[in-house]
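Novice: Predicted model, plus sequence, below.
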Amino acid sequence: MTHTQLTLTHGRASDSGALLTVAGEIDMSNSGTLADAIDDVPGPVVVDLTEVEYLDSAGLNVLFARADRIELITGPLLERVLTVSGLTRLVTVRSA
């Protein structure tokens, strides 16, 4: 089984707010890295998940724990996972 490495890139959103672009797989082995990357940004952050290929419960827990300060951008691959988990009721989710 191949594992796509997690990459995180900080930037600015179109509204000049913070943007964190995430690519690869988010699982138990690297969810702490995602949590740290979000926590390193003061204030609200837009998390772009359009290049995420896999998201397990550890990754979802990171997002749930930070629901009060994140907004998500996602593609069709994760849209259902975010909806079924209930995260879309807590966080603004935009389609890419």
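Specialist: Right, received. Where do you want to start? Numbers count the residues shown, from 1 in each chain.
Novice: Point out the other helices and strands that the lengthiest strand in the chain packs with.
Specialist: If each strand of the chain is counted by residues according to DSSP state E, the longest one is strand 45-55. Taking 3 or more CB pairs under 8 Å, 6 or more residues apart in numbering; DSSP states H and E as contact, the helices and strands that strand 45-55 lies on are strand 18-26, strand 70-74, helix 76-85. Every C-beta, even on glycine, is put in place using the N, C-alpha and C of the backbone.
Novice: Report the contact partners of Val22.
Specialist: Leu6, Thr7, Leu8, Leu34, Val47, Asp48, Leu49, Glu51, Val52 (CB atoms under 8 Å, 6 or more residues apart in numbering).
Novice: Ok, Pro42 next?
Specialist: Contacts for Pro42 (CB under 8 Å, 6+ apart) come out as Ala18.
Novice: And the pLDDT for Arg12?
Specialist: On the pLDDT scale, Arg12 is placed at 90.
Novice: Who does it form a beta bridge with?
Specialist: The residues paired with Arg12 through beta bridges, assigned by DSSP bridges, are Ala18.
Novice: Make sure I have this right: Leu34 is in a helix.
Specialist: Yes. When the secondary structure is assigned by DSSP: H, G, I helix; E, B strand; the rest coil, Leu34 falls within a helix.
Novice: The nearest residue to it once chain neighbours are set aside - how many residues pack around it?
Specialist: By the measure of CB to CB, 6 or more residues apart in numbering, the closest residue to Leu34 outside its immediate chain neighbours is Val62, 5.2 Å from it. Taking other CB atoms under 10 Å as the criterion, the count of residues near Val62 is 23.
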